[in-house]
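Visitor: Here's a sequence, model it:
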Amino acid sequence: MVAFTVALVVILILLVYKISIRNHGYWRSRGVESVDALPIVGSLWSALSLQEHMSELFSRLYYEHKGKRFVGYYQGNTPGLLVMDPELIRSIVISDFSHFVDHGFEVDPHNDPMQSRNLVNMSGQQWKEMRTTLSPTFTSGRIKAMFPLVYECADNFEKYLRCHQNQDLDIKDLLARFTTDVIGSCVFGLSVNSLENPNDTFRVMGKKMFDVDFIQGFKITCIFFLPSVARLFRFSIFSQELNNFFRNLVKDIIEKRLQSGNTRKDFMQLLIQLKKGQLSSIDGESQEMNGSASTVQFTDDDIVAQAVVFFVGGFETSATSLSFAMMEIARNPEVQQKARDNIEEVLKRHGGELTYQAIQEMTYLDNILQEALRMYPPFANLTRVCTKNYNIPRTKVFLEKGTLLVIPNRAIQNDPEHFEDPQKFNPDRFNDDCVDKNNKSIMFLAFGDGPRQCIGMRFAKLQSKLGLFAILRHFEVLESPKSVYPPVIDPKQFVLAAKDNIYIQLREIQK
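Guide: Below is the predicted model of the structure:
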């Protein structure tokens, strides 16, 4: 009996082994160089075991295979392609987009219905229809209408900083509280004030989203890179507690607004209007939604899904990017002075008043943001899946429908071949004349590019620039001995985030 059991176990192990490596010769049979792969985990073991962040894994592969246009790898048993050639990247995200429409995130609608309905995770026709439906909510006119809401939060942020200068500040936490207040106001219509009340329920739930331990980090990595394993074990991105909190919160807000008839110039109001089938006109734009514009039947669950993805995208990514920017600014006083000079010059033209137009004209703040996003892009790898067979230009390699692709934009944006002296924080490299001269826009992919470029890019820039304005206009940013540099990247997080807190000191400038 024991011998039979042992034999059965051995047979099962061999069977699992054979199944898990059955495709590991895929790239070799097509004449494509590929990296080594292990059973079950493929080429991703160091990231799946959280020894290194996924961006560090793909950056390492990028430099190990420098000079190649692409190299094969394996997500478990599934063939993937790491794309490194600028011309091919441009084809994938822009000119040949119809072959690469989807991100390739297979979020199971049964295990995680809320996340499967958000725009980022949708695919195919479903994504196209939802993108068409949501696009009118992100026009420049609508972002401008929200300017007073964001400015109010930035003004509160500046007042808070005045009371907490000349000490070591955990700027990563403070910026997360600032962006939480902005998203609370502009998405959900809530007055959160987590700067003064860090234990506010809305802030606590936001922290729980990204308070990831080893187990949850492994689950999230599997959801995005080993979806078959995630489906088998019914992994979900957020806990049931978080899903229930946001679902109940959104439904409560909708019910109160419909009952009271009160409206507000925020994203929630726009989503409610979408559910009704039309958006009110703004700045002369006609926003009537009809069958020719979209066939999406917007539901309460759709509102919840989009509100949550707005929260995740607007709160965490902006806070992370700004905290990295602050870390670098503290080390570069000349950057701070250029920013203040630009701020004062623009304000002088506008009679000292900060308006939406004035913040748009503060171009050096844009440069700072872009340089921080170049060095530390929150989404450090772009993913695509081949949605119909594709012949890679100038090769005999055919990508089959379903083939996964990764564009390692963090590695590309920190490659000296594309950006001179990439480890130096130099916002001047994004001056208009420099960008045009070196055609860097093709290699700057922090917001993606093409039809799947981040839909909330305008709002993210507005929020981030007002955060920079609140800090840089009146404060000198100093390094703190408590801060770790260069930052160690947290392998548990899906977005690029520092493992340690980022500390700075602020000293008010005497005028």
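Visitor: pLDDT score for M289?
Guide: M289 is assigned 43 on the pLDDT scale.
Visitor: try the one 3 residues further on
Guide: S292 carries a pLDDT value of 38.
Visitor: Would you confirm that F475 contacts I504?
Guide: No. Assessed by C-beta atoms under 8 Å, F475 is found out of contact with I504, at 9.5 Å. Bear in mind the C-beta positions are built from the backbone N, C-alpha and C, glycine included.
Visitor: Name the residue in the two with the higher neighbour count.
Guide: Neighbour count, other C-beta atoms under 10 Å: between F475 and I504, I504 has more, with 24 against 20.
Visitor: pretty sure the more buried one is in contact with E476, am I right?
Guide: No. Between I504 and E476 there is no contact under C-beta under 8 Å: 10.2 Å.
Visitor: what residues are up against the residue nearest to D96 when sequence neighbours are not counted?
Guide: Among residues not flanking D96 along the chain, Y390 sits closest, at 6.8 Å (C-beta to C-beta, 6 or more residues apart in numbering). Y390 is in contact with 96, 99-100, 398-399, counting by C-beta atoms under 8 Å, 6 or more residues apart in numbering.
Visitor: mind listing what's buried in stretch 414-430?
Guide: For stretch 414-430, burial by neighbour count (16 or more other C-beta atoms under 10 Å) applies to 414-415, 418-419, 422, 425-427, 429-430.
Visitor: Looking at the residues you listed, spot the one nearest S239.
Guide: Using C-beta to C-beta, N414 comes nearest to S239 of these, at 34.0 Å.
Visitor: residue boundaries of the strands in the stretch 301-450 of the chain?
Guide: 382-385, 390-391, 398-399, 404-407 (DSSP state E, counting those that start in this stretch).
Visitor: mind putting those strands in JSON lines, distance to T263 and mean pLDDT included?
Guide: Below are the strands of the stretch 301-450 of the chain laid out as JSON lines (distance: least, C-beta to C-beta, whole Å; pLDDT from 0 to 100):
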{"stretch": "strand 382-385", "distance to T263": "37", "mean pLDDT": "94"}
{"stretch": "strand 390-391", "distance to T263": "46", "mean pLDDT": "98"}
{"stretch": "strand 398-399", "distance to T263": "48", "mean pLDDT": "96"}
{"stretch": "strand 404-407", "distance to T263": "41", "mean pLDDT": "96"}
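Visitor: Turn these into CSV, including distance to S91.
Guide: Below are these laid out as CSV (distance: least, C-beta to C-beta, whole Å):
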stretch, distance to S91
strand 382-385, 11
strand 390-391, 9
strand 398-399, 11
strand 404-407, 11
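Visitor: and of these, who's closest to R90?
Guide: Between the strands of the stretch 301-450 of the chain, strand 404-407 lies closest to R90; by C-beta to C-beta that is 10.3 Å.
Visitor: ok, and for that closest one, which residues are buried?
Guide: Using 16+ other C-beta under 10 Å as the test for burial, strand 404-407 gives 404-407.
Visitor: top helix in the protein by residue count?
Guide: Using DSSP state H to define each element, the chain has its longest helix at helix 240-260.
Visitor: which outside residues touch it?
Guide: Helix 240-260 is contacted by residues 114, 188-189, 201, 205, 208-209, 236, 262-264, 268-269, 272, 300-301, 303-304, 307-308, 311 when judged by C-beta under 8 Å, 6+ apart.
Visitor: Now do stretch 177-194, average pLDDT.
Guide: 92.
Visitor: what's the first-to-last distance across it?
Guide: 6 Å (C-alpha to C-alpha, to the nearest Å).
Visitor: Equivalent analysis for stretch 489-504, please.
Guide: 18 Å.
Visitor: ok now it, how far from the chain's centre?
Guide: Relative to its parent chain, stretch 489-504 has a centroid offset of 14 Å by C-alpha atoms, centre = their mean, to the nearest Å.
Visitor: How about stretch 72-81?
Guide: 23 Å.
Visitor: which residues does the nearest residue to I455 once chain neighbours are set aside contact?
Guide: Among residues not flanking I455 along the chain, F138 sits closest, at 5.5 Å (C-beta to C-beta, 6+ apart). Contacts of F138 were listed using C-beta under 8 Å, 6+ apart, and they are 455-456, 458-459.
Visitor: count of neighbours near D36?
Guide: 10.
Visitor: residues in contact with Q216?
Guide: Contact partners of Q216, counting by C-beta under 8 Å, 6+ apart, are K492.
Visitor: So, low pLDDT: which residues of the stretch 401-511 of the chain?
Guide: The stretch 401-511 of the chain contains residues with pLDDT under 70 at 433-442, 511.
Visitor: let's go with 90 and repeat that
Guide: Scanning the stretch 401-511 of the chain for pLDDT under 90 picks out 432-443, 492-495, 510-511.
Visitor: for the protein, where's the lowest mean pLDDT among helices and strands?
Guide: Least confident helix or strand of the chain, by mean pLDDT, DSSP states H and E, is helix 432-438 with a mean of 58.
Visitor: shaky segments in the stretch 251-400 of the chain?
Guide: Applying pLDDT under 90 to the stretch 251-400 of the chain picks out residues 251, 253-317.
Visitor: Give me the buried positions along stretch 166-179.
Guide: For stretch 166-179, burial by neighbour count (16+ other C-beta under 10 Å) applies to 169-179.
Visitor: out of everything not next to it in sequence, what's closest to A498?
Guide: Distance criterion C-beta to C-beta, 6+ apart; nearest residue to A498, sequence neighbours excluded, is P487 at 4.1 Å.
Visitor: So that neighbour sits against F324, correct?
Guide: Yes. Counting by C-beta under 8 Å, F324 is a contact partner of P487 at 7.3 Å.
Visitor: now the helices: where do they sit in the stretch 401-511 of the chain?
Guide: Using DSSP state H, counting those that start in this stretch, the helices of the stretch 401-511 of the chain run over residues 409-413, 432-438, 457-472.
Visitor: if we can go back for a sec, so for the helix or strand that comes right after the longest helix of the chain, what gets flagged as buried?
Guide: Following helix 240-260 in sequence order, the next helix or strand is helix 267-276 (DSSP states H and E). Neighbour-count burial for helix 267-276, counted by 16+ other C-beta under 10 Å, picks out 267-275.
Visitor: Residues contacting helix 267-276, please?
Guide: Identification of contacts with helix 267-276 by C-beta under 8 Å, 6+ apart yields 133-134, 137, 142, 146, 186-189, 250, 253-254, 257-258, 263, 279-280, 289, 298-300, 302-303, 306-307, 310.
Visitor: go on, stretch 34-44?
Guide: Applying C-beta under 8 Å, 6+ apart, the contact partners of stretch 34-44 are 16-17, 20-21, 24, 26-28, 45, 48, 54, 57, 61, 64-65, 71-78, 80, 221, 225-226.
Visitor: In PyMOL, how would I select the buried members of the residues you listed?
Guide: One line in PyMOL is enough to select the buried members of the contacts of stretch 34-44, burial here meaning 16+ other C-beta under 10 Å:
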select buried, resi 20+21+24+26+27+48+54+57+61+65+71+72+73+74+75+76+77+78+80+221+225+226
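Visitor: Inside strands: which ones of the contacts of stretch 34-44?
Guide: 71-75, 78, 80 (DSSP state E).
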